[in-house]
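K.L.:
generate a structure from the sequence data that follows.
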Amino acid sequence: MKDQKDIEKQYNSFLQEIAEKIYSQYGNDLQHIQLVFPNRRAGLFFRQYLSQLIDKPIWSPQILSIEEFIQKFTSLKAADQISLIFELYQSFKKHQLRDEGFDRFYFWGEMLLRDFDDVDKYLVNPEHIFRGVKSQKELDESFFFLDEENKKTIQNFWQSFLPEASPAQHNFLKTWEVLFPIYQHFRETLIKNNVGYSGLIFREVVENLKTSQYNDKVIFAGFNALTKAEETLIKHFVEHHSAEIYWDYDQYYFEDPKQEAGQFLRQYAADPILGKTFEKQVENSFNDKDKQVKTVGVSLEIGQTKAAGELLEEFAKDPGFQPEKTVVVLPHEHMLFPILNAIPESIQQLNVTMGYPLKDAPLYTLLDSILHLQESVQLDRDHFVMFYHKPVLEILSHPYLFQSFPGEVDSLMSEVRKKNKVRIQKEELNANIPLIDHIFRHISNPNDLSDYLIGIVRFLFESSTEVLGLEKEFLYQFHQSLERLKEILSLQDTKIEHRTFVKLFKQICRSQKIPFTGEPLRGLQIMGVLETRNLDFENVIVLSTNEGSFPAESKKGSFIPFNIRRAFDLPTYLQQDAIYAYLFYRLIQRAKTVHFYYNSFADFGLSGEISRFVSQLELESGLNIQKLHLSNPVKVDSPNEIEIKKTPDILRVLDNYLEGGRSRFSPSALNTYMDCQLRFYYRYIAKLYEPNDVQEEVDAAIFGNILHKAMEEIYEKFTKKKKDKVIQPMDFFGLKGSVDGALQVAFKDHYHLPKGQKFKLAGRNVIIYEIMRRFVLNVLEQDEKYAPFEIISLEGGSREGYKMNVQLNDGRRVGVKGIIDRVDRKQGVVRVLDYKSGADKKEMTTVESFFDPDDNGRNKAAFQTFYYGMLYANLHGESEPIKPGIYNMRELFQDDFDISLSVKPSKQVVYDVRPYLDEFKKGLTGMFEEIFSAENTFKQTTDLKKCGYCDFKDICKR
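P.N.:
Residues are numbered from 1 along each chain as shown. You can find the predicted model right below:
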């Protein structure tokens, strides 16, 4: 049985053990020692452990990352990626025949840069790897420098191109043949400018290593998968300068050849130079029986963060809990903010050590919308700037604006939606908000877009005193990236296009990351997978441990085909899996508790399958792994029937519809009641409405509104100009000629266009306009046949139309109203006319059916015209016949069209509505008695077909 001392030693971290060994060996004489780690983070933790061993001031050893160490041997400086890709583009243009814009080149420029970086890091001869093969003779004679296995691999690849390449292969060859000249020119240019990418810098150093004396003692620590350049460098210092190496590994995966996690370490242990640096006794802490491992399946990613937050809260209840000994590992960067929001308040300190993509920052969505805004700008004929509504609303609703000025911004947005403004003048966005003034400007020259965005970012940074530290970091990183983009574009010899700038901006935001750094030695640690190298924690929490997430899928493209990569020992997905396997096992080898959370929900491209690494651990390690699955049992209930009782509050709302109140019932409201009482309640009592959205294209409702307005415009303007309301047959030449003008007025009125601006037809609206034009012309054709007639009123004669009161049995009077599309008179007969753009029919059964919600033959359009007849008779009396009529689109284009309503089954034409009015009023009164009765409730319809087009079906769950 292990004593307590052995157990404590087992849980010493790798860096702590190194600190103890180095201090034990060299004591206080450390100033001539250089420690080289894979990254700077490991060096910070090492320095802390070393300081805990020292009881007096001494000179510290020099602690370097491998990149910092390599810089000691070269004057080349690492350039940023944007500069490198731009320089690569210059080399590309010199050797490529086709014209390729920088925006199109950027994406595969990143790919080409990665390939060149691999070629240099693995010390591959670029002339050999980029060699093309055009004949069998070349294939037989080429690649003599490879061993037989790799030679066969690469010959099999090129064999498919012979004796003649396919068109696709020919295109590949054309690109392949210029890669070496591009590489040469690119390399020469960078060296001349004294800059380079990581691979080039490593290659320059390694190929010029000297065996001269090196005074400081070099110790390499924590390395695993070395590039060929790193391996050559380390071997050089081991062989010529007695450098030491501390390897970080465990017996479990090192000594088992089936474990891919130890693949690279076993190779180095077999190397004649590196093998001497391995210790004879291999640590065995992985299989500690006290290690607690749990797998937790949780639905969706947000569920994982919530569950992890609850676990952290449990940890924090322990008085001895030390947050810095706990790590939360995020394979996906987008999980950062959900986990930050899930961390309990009891954990006050934390450190984030990972990159966060610019494209996922809130500021990106604002800048992207702003670029969309500039792309969609139009100038009207008076050169007024017109902004497209979609980016305008996106910008106004963005948190940077809406949260700072909620009242002013909400007012602007409501105005745009209410007036259905597809295009908005700059002057209409005046809200005395400086940020709005900065954003809503027209940038006509794309070369000025960088300065425009930089100005907005600066304004946001300088003007807000409430910007959090995290948001300031976003602003700073975007400012830096935009400044670099501006600098790069200033070197272009041609004017860029707007789309080019947008593509480059998006490419940069997609590839750049915000490097979060905090106090690494304090608080809960939140890291990406790669950031955990060399670090050990007692409590390990890993989220998104799904297959495809850990290990991550290889999504980085390459110009170098897989077979050629294998033949020249360049890394492939096979090596990536081995690297991730090492990171996986190394992360948990010294841990006391390990929790793997994975998404158990299988849908939308998600497998719901746990990582194969965890499955492998369960089958092979012998560890006792507890498997949990968190889920809420889903109970599917049939939707309950909804019934609204008339409370005192509801009755008070209904009182507004009584005589003297602010509201009146329209025929549409009463048709709604007959269709579904609950829908009537939601719409007219609870006042629930669908949110207003700007409608660019004409839907059925808008079609009807514009049609009504156009017909009103045609007759109203004509009668005013004629100063006579009698329409004669000879008037129709002029009336038909005014159709296009009337439709323009109707469209402009609906979209609230400024005076003088013409409505521009586009997309489906061109077809809709033509259908509407034919409808109006056909109405005029029918009117011409009927002429002469006198126009009595159009659209009710006023905004509120015709009004009257209907008396209930208890003496209360209910207010009703209606806007009649047109009332005309001929030879003593009054017609009340309704324009219908749908498939309404003109046949009815009985008046009683109008008030029977269960009657499937109930004709809502006929009910409406009878209702209008009642309103007209109430105002003008019943001294002359009142004929109801409908212009319905379905039948309007037929040769025998007639506006008349008829009664089934006799098909008797309703020439006069007056004989029906007593029965109609009785039915109407009965309906109102039901509506205003305190005992009756508002119930759902039993006809589920009516729910299909209802705005409230989600409330009813139908």
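
K.L.:
quick check, Asn692 in contact with Glu415.
P.N.:
No. If you go by C-beta atoms under 8 Å, Asn692 and Glu415 don't touch, sitting 10.3 Å apart. For the C-beta atoms, the positions are set from N, CA and C on the backbone; glycine is no exception.

K.L.:
next up, the contacts around Gln267.
P.N.:
Listed by C-beta atoms under 8 Å, 6 or more residues apart in numbering, Gln267 has no contact partners.

K.L.:
could you measure from it over to Phe733?
P.N.:
Using C-beta to C-beta, to the nearest Å, Gln267 is found at 95 Å from Phe733.

K.L.:
could you do Phe14 as well?
P.N.:
Using C-beta to C-beta, Phe14 is found at 96 Å from Phe733.

K.L.:
how about Gln807?
P.N.:
For Gln807, the distance to Phe733 - C-beta to C-beta - is 49 Å.

K.L.:
swap in Leu401?
P.N.:
Applying C-beta to C-beta, the value for Leu401 to Phe733 is 54 Å.

K.L.:
between these two, who's got more neighbours?
P.N.:
Each of Leu401 and Phe733 has its neighbours counted (other C-beta atoms under 10 Å); Leu401 has more, 20 against 9.

K.L.:
does the nearest residue to that one once chain neighbours are set aside belong to a helix or a strand, and which?
P.N.:
Among residues not flanking Leu401 along the chain, Val409 sits closest, at 5.5 Å (C-beta to C-beta, 6 or more residues apart in numbering). Element membership of Val409, judged by DSSP states H and E, is helix 406-418.

K.L.:
from what I see, Glu784 and Phe733 are in contact.
P.N.:
No. Between Glu784 and Phe733 there is no contact under C-beta under 8 Å: 9.5 Å.

K.L.:
which residues does Leu358 contact?
P.N.:
Tyr364, Gln477, Phe478, Ser481, Ile508, Cys509, Arg510, Gln512, Lys513, Ile514.

K.L.:
so what's it scoring on pLDDT?
P.N.:
On the pLDDT scale, Leu358 is placed at 86.

K.L.:
just checking, Ser376 touches Tyr388?
P.N.:
Yes. Here Ser376 reaches Tyr388: they are 3.6 Å apart, a contact under C-beta under 8 Å.

K.L.:
quick check: neighbours shared by those two?
P.N.:
Residues within reach of Ser376 and of Tyr388 at once, by C-beta under 8 Å, 6+ apart: there are none.

K.L.:
and these two? Which one has more around it.
P.N.:
More neighbours surround Tyr388 than the other of Ser376 and Tyr388, with 18 against 15 (other C-beta under 10 Å).

K.L.:
now that one: phi and psi?
P.N.:
With angles defined as degrees, to the nearest 10, Tyr388 sits at phi -80, psi 140.

K.L.:
state the distance from it to Glu415.
P.N.:
16 Å.

K.L.:
from Lys645, how far off is the closest residue in space to Ile650 that isn't next to it in sequence?
P.N.:
Closest residue in space to Ile650, ignoring its immediate chain neighbours: Ile685 at 5.9 Å, by C-beta to C-beta, 6+ apart. Going from Ile685 to Lys645 by C-beta to C-beta gives 12 Å.

K.L.:
who has more neighbours out of those two?
P.N.:
Between Ile685 and Lys645, counting by other C-beta under 10 Å, Ile685 is the more crowded of the two (19 against 10).

K.L.:
pretty sure the more buried one sits against Arg652.
P.N.:
No. Ile685 is not in contact with Arg652 according to C-beta under 8 Å; the separation is 10.2 Å.

K.L.:
for the stretch 751-900 of the chain, which segments are assigned as strands?
P.N.:
All strands of the stretch 751-900 of the chain, identified by DSSP state E, counting those that start in this stretch, fall at 789-794, 802-807, 813-818, 822-826, 829-836, 843-844, 882-888.

K.L.:
and those strands: which comes nearest Ile702?
P.N.:
strand 829-836 (14.0 Å; C-beta to C-beta).

K.L.:
what pairs with that closest one, parallel or antiparallel?
P.N.:
Here strand 829-836 is paired, per DSSP bridges, with strand 822-826 (antiparallel), strand 882-888 (parallel).

K.L.:
in CSV, list those along with mean neighbour count, mean pLDDT and distance to Asn341.
P.N.:
Shown next, in CSV, are the strands paired with strand 829-836 (neighbours: other C-beta atoms under 10 Å; pLDDT from 0 to 100; distance: least, C-beta to C-beta, whole Å):
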stretch, mean neighbour count, mean pLDDT, distance to Asn341
strand 822-826, 20, 95, 60
strand 882-888, 23, 94, 56
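
K.L.:
now the ones you listed as a markdown table including distance to Phe680?
P.N.:
Listed next are these as a markdown table, based on distance: least, C-beta to C-beta, whole Å:
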| stretch | distance to Phe680 |
| --- | --- |
| strand 822-826 | 28 |
| strand 882-888 | 24 |
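
K.L.:
so Ser65 makes contact with Leu35?
P.N.:
No. Using C-beta under 8 Å, Ser65 makes no contact with Leu35, being 10.2 Å away.

K.L.:
of the two, who's got more company?
P.N.:
For Ser65 and Leu35, the more surrounded residue by other C-beta under 10 Å is Leu35, and the numbers stand at 27 against 16.

K.L.:
beta partners of that one?
P.N.:
Taking DSSP bridges as the rule, Leu35 bridges to Ile63, Ile219.

K.L.:
okay, it: pLDDT?
P.N.:
Listed pLDDT for Leu35 reads 96.

K.L.:
cool, the one 4 residues further on as well?
P.N.:
Looking at Asn39, its pLDDT stands at 91.

K.L.:
which residues does it contact?
P.N.:
So Asn39 contacts Ser65, Ile66, Glu531, Arg533, Asn534 (C-beta under 8 Å, 6+ apart).

K.L.:
also Ala700?
P.N.:
By C-beta under 8 Å, 6+ apart, the neighbours of Ala700 are Ser837, Gly838.

K.L.:
ok, it to Arg858 distance?
P.N.:
To Arg858, Ala700 is 20 Å away according to C-beta to C-beta.

K.L.:
just Ala225 next, same as before
P.N.:
Distance, Ala225 to Arg858, by C-beta to C-beta: 77 Å.

K.L.:
kindly report the same for Met335.
P.N.:
Using C-beta to C-beta, Met335 is found at 56 Å from Arg858.

K.L.:
give me the element the residue nearest to Gly734 when sequence neighbours are not counted is part of.
P.N.:
Leaving out its chain neighbours, the residue that sits closest to Gly734 by C-beta to C-beta, 6+ apart is Phe718, at 6.7 Å. Assigning secondary structure by DSSP H and E places Phe718 in helix 700-722.

K.L.:
tell me what angle that helix forms with strand 882-888.
P.N.:
Here helix 700-722 points in a direction 120 degrees away from that of strand 882-888 (axes from the mean of the first three to the mean of the last three C-alpha atoms, to 10 degrees).

K.L.:
could you say what helices and strands the helix or strand following helix 700-722 packs with?
P.N.:
Sequence-wise, the next helix or strand downstream of helix 700-722 (DSSP H and E) is strand 726-727. Strand 726-727 sits against helix 700-722, strand 789-794, with contacts defined as 3 or more C-beta pairs under 8 Å, 6 or more residues apart in numbering; DSSP states H and E.

K.L.:
among those, which gets the worst mean confidence?
P.N.:
Lowest mean pLDDT of the helices and strands packed on strand 726-727: helix 700-722, a mean of 88.

K.L.:
next one: it to chain centre, how far?
P.N.:
With C-alpha atoms, centre = their mean, to the nearest Å as the basis, helix 700-722 stands 43 Å off its chain's centre.
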